[in-house]
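*Asks:* sequence and computational prediction follow.
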Amino acid sequence: MSDATPPTPSARSGVIHDIGYRHYDGPRLGRGHIARALFVESALGAYGIGRSARSKIVPMLLFAVVCVPAFILVVVAAITNADELPGEYTSYVLNVQVLVAIYVAGQAPANVSRDLRFRVMPLYFSRPLERVDYVLAKYAALSAAVFVFVAVPLTIMFLGALLVELPIGEQAPDYLRSLGSGLLVALVLAGIGLVIAAVTPRRGLGVAAIITVLLVLAGVQGVVQGIATEENEETLAAYSGLFSPFTLVDGVQSSVLGADSALPAEPPGTVGAIVFLIVTLLLVVACVGALLLRYRKVSI
Amino acid sequence: MNSTVATLTARSLLGHRRALLLLALPAVFLVLAVISRWLAGEDSGNTVVLLGGFALGTLVPLLGLIAGTGAIGPEIDDGSVVYLLSKPLGRHTIVRTKLAVAVGVVVTFAVLPTLVAGLILSGGSDRLAVGFAVAALVAGIAYCALFLALAVMTRHAVVVGLLYALIWETLVGNFVPGAQALSVQQWALALTEKIVGSSRSAELSITPAVGLGAAVPLLLVVVVGFTWYAGRRLRSLRIAGDE
């Protein structure tokens, strides 16, 4: 076709082939609306809503499994007439961290890798959507999905505790603290997951890479903290929490938000609190930065 | 066995700097072993925690998953497996070759590091290093065969494999002891117990859920059975896109 005569310049630029259909000349929604639509679609997609039935199985199953312990805690409290729940709000996420890690590993690649693998990024960027919008919408969507994943079981515990008539004054502070740290966990995990998923678009590889990173970090943290606690190396034991995202956020929760830590050692004093908080925030910023860098190079 | 298929599989698993990324896992593990030795000295208890929990519990299943599904999964996914299947090679030969390469990867990146870490942590005492290295080898072969067959069966092999290795073996196994009877990790641990000796094993809390008499046949059934089934499934593979 290259040797065909050049098309006659038309008055309306950007029209490739006009075969006389009626044009759309209603209002066009801008960047903000596209970003919002992308956010909603991605956040629902992280639970398989709007995707095939087979894509719903794993996220829905994991979501059900992560809620089961919360139900059990409430039922036990109701049967035994206890004056407190048999488990803490603030250590719940740490106890179900494997489930959260698998959820993130499964959904982060579903969120970004498919767009890269099937080379549909040009379709996004041929709209008014900017690369920043795409990255932030996807990041916000996965963070929201992970937050719901950890916040719903905590809310089940809280509502259950109120139903069995435990005093709200004792329940609410820890519940709110756990929601705060749940938000941090969601931001940190979604960031790590998306960065890895965006650089490994091959099917399966992204899932394996994310779970490997999260589990190995958690394993290293557990071993180092265990040995350091045994050998009374208190500083090392306290700062070993920095190795794994889950214990990092637990450190912020215990030192900044003032919860009781489930770990053998927590960040020492004000310095420890500041270090844990800064590392958490830096991690989130670094993940957004890495994603922006990655998507700046996506070819159109 | 076919050397061309082996070369291609090895290249797809280790090429493009992937070998360096895989090398990070054993490197972290060995650093951990050195830190533990430096802080706690020669300690059989720590050795069991590191080799049993980290090497056999995390490193070997994850590498088995990456190598087992990675040996054939991407080819099936992008459809290029038809070029391989249309060659005059038996389907069982293809599966056996790919399994051999996957096992080679697991030996290099998980079994040998386990042996070295065991020697760093406890020297030759209690034969812990050898015991866990043998367990890692056997478990590695079983995981590779299992996950390779899974990759032929479903396109969601990695997620399904993760659910088995993490949820079934670890979480469910902790609450429902019967689930551990169907766990590659526990079968392999039975070999460690045999090598270390049963009385010393009990002291170090190496307590496999099954005896050696059950573990060896089960391991053989898994390796031979899943390898055969993967070859069988390759005979009528459907190349179809989903999602």
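*Replies:* Ah, there it is. Numbers count the residues shown, from 1 in each chain, chains lettered A, B, ... in the order given.

*Asks:* what does chain A put close to chain B?
*Replies:* Selection of chain A residues close to chain B by Cβ under 8 Å from any Cβ of the partner chain yields A:51-52, A:54-55, A:58, A:65, A:98-99, A:102, A:105-106, A:114, A:202-205, A:207-209, A:211-212, A:215-216, A:219-220, A:222-224, A:226-228, A:230-231, A:233, A:236. For every residue, glycine as well, the C-beta is placed using N, CA and C.

*Asks:* among those, which ones are buried?
*Replies:* Burial by neighbour count, judged by 16 or more other Cβ atoms under 10 Å in any protein chain shown, picks out A:51, A:55, A:58, A:65, A:98-99, A:102, A:105-106, A:114, A:202-205, A:207-209, A:211-212, A:215-216, A:219-220, A:222-224, A:226-228, A:231, A:233, A:236 from the residues of chain A next to chain B.

*Asks:* residue ranges in chain B under the pLDDT threshold?
*Replies:* B:173-174, B:239-243 (pLDDT under 70).

*Asks:* burial measure for the closest residue to chain A within it, as a count.
*Replies:* Distance from chain A to each residue of chain B (Cβ to the nearest Cβ) is smallest for residue B:158, at 3.9 Å. Residue B:158 has 29 neighbours, counted by other Cβ atoms under 10 Å in any protein chain shown.

*Asks:* and it, how close does it get to residue B:70?
*Replies:* 9 Å (Cβ to Cβ, to the nearest Å).

*Asks:* overlap in contacts of the two?
*Replies:* Listed as contacting both residue B:158 and residue B:70 by Cβ atoms under 8 Å, 6 or more residues apart in numbering or on different chains are A:204, A:205, A:208.

*Asks:* check contacts around the last one.
*Replies:* If you count contacts by Cβ under 8 Å, 6+ apart, residue A:208 has them with A:105, B:62, B:65, B:66, B:69, B:70, B:158, B:162.

*Asks:* mind giving me the packing neighbours of the strand or helix carrying residue B:82?
*Replies:* Taking DSSP states H and E as the criterion, residue B:82 maps to helix B:81-85. On a contact count with 3 or more Cβ pairs under 8 Å, 6 or more residues apart in numbering or on different chains; DSSP states H and E, helix B:81-85 meets helix B:91-106.

*Asks:* quick one: buried residues of the helix it packs on?
*Replies:* Those would be B:91, B:94-106, for helix B:91-106 by 16+ other Cβ under 10 Å.

*Asks:* that helix: what's the following helix or strand?
*Replies:* helix B:112-122.

*Asks:* ok, that following helix near chain A or not?
*Replies:* No: between helix B:112-122 and chain A, judged by Cβ under 8 Å from any Cβ, nothing touches; the nearest distance is 10.8 Å.

*Asks:* with adjacent residues omitted, what lies nearest to residue 91?
*Replies:* Here I'm looking at chain A. Counting by Cβ to Cβ, 6 or more residues apart in numbering or on different chains, residue A:91 lies nearest to residue A:262, which is 3.7 Å off, once chain neighbours are set aside.

*Asks:* try chain B instead
*Replies:* Per Cβ to Cβ, 6+ apart, closest to residue B:91 is residue B:234, 4.1 Å.

*Asks:* try residue A:46
*Replies:* Using Cβ to Cβ, 6+ apart, the closest residue to residue A:46 is residue A:145 (3.5 Å).

*Asks:* pull the contacting residues for that neighbour.
*Replies:* Taking Cβ under 8 Å, 6+ apart as the test, what residue A:145 contacts is A:43, A:46, A:47, A:107, A:186, A:190.

*Asks:* same check, this time on residue B:58
*Replies:* Residue B:58 sits in contact with A:215, A:216, A:219, where contact means Cβ under 8 Å, 6+ apart.

*Asks:* how many residues are close by residue A:81?
*Replies:* 8.

*Asks:* please tell me how far it sits from residue B:106.
*Replies:* 52 Å.

*Asks:* what's the answer for residue B:129, then?
*Replies:* Distance from residue B:129 to residue B:106, by Cβ to Cβ: 18 Å.

*Asks:* next: residue A:259.
*Replies:* 41 Å.

*Asks:* surely residue B:206 touches residue B:196?
*Replies:* Yes: the pair residue B:206 and residue B:196 passes the contact test of Cβ atoms under 8 Å, sitting 6.3 Å apart.

*Asks:* who touches both of the two?
*Replies:* Contacts common to residue B:206 and residue B:196, judged by Cβ under 8 Å, 6+ apart, are absent.

*Asks:* and whatever residue of the stretch 201-300 of chain A ends up closest to chain B, what's its pLDDT?
*Replies:* Taking Cβ to the nearest Cβ as the measure, the stretch 201-300 of chain A has residue A:204 as its residue closest to chain B, at 3.9 Å. pLDDT, residue A:204: 76.

*Asks:* not counting its neighbours along the chain, what's nearest it?
*Replies:* residue B:158 (3.9 Å).

*Asks:* what's the spacing between that neighbour and residue B:77?
*Replies:* Counting by Cβ to Cβ - residue B:158 and residue B:77 are separated by 11 Å.

*Asks:* next, show the common contact partners of these two.
*Replies:* residue A:204.

*Asks:* against residue B:115, how distant is the residue positioned nearest the centre of chain B?
*Replies:* With distances taken as Cα atoms, centre = their mean, residue B:140 lies nearest the centre of chain B, 2.7 Å away. Distance check for residue B:140 against residue B:115: by Cβ to Cβ, it reads 12 Å.

*Asks:* what does residue B:53 give?
*Replies:* On the measure of Cβ to Cβ, residue B:53 and residue B:115 end up 17 Å apart.

*Asks:* residue A:203 now?
*Replies:* Residue A:203 is 33 Å from residue B:115, by Cβ to Cβ.

*Asks:* now residue A:216, what's its secondary structure?
*Replies:* helix (DSSP: H, G, I helix; E, B strand; the rest coil).

*Asks:* okay but it is in contact with residue B:27, surely?
*Replies:* No: using Cβ under 8 Å, residue A:216 makes no contact with residue B:27, being 10.7 Å away.

*Asks:* overlap in contacts of the two?
*Replies:* Joint contacts of residue A:216 and residue B:27 (Cβ under 8 Å, 6+ apart) do not exist.

*Asks:* quick one: list the elements packing against the helix or strand bottoming out on mean pLDDT in chain A.
*Replies:* Lowest by mean pLDDT, DSSP states H and E among the helices and strands of chain A is helix A:234-239, with a mean of 82. Helix A:234-239 is packed against helix A:205-230, helix A:269-296, with contacts defined by 3+ Cβ pairs under 8 Å, 6+ apart.
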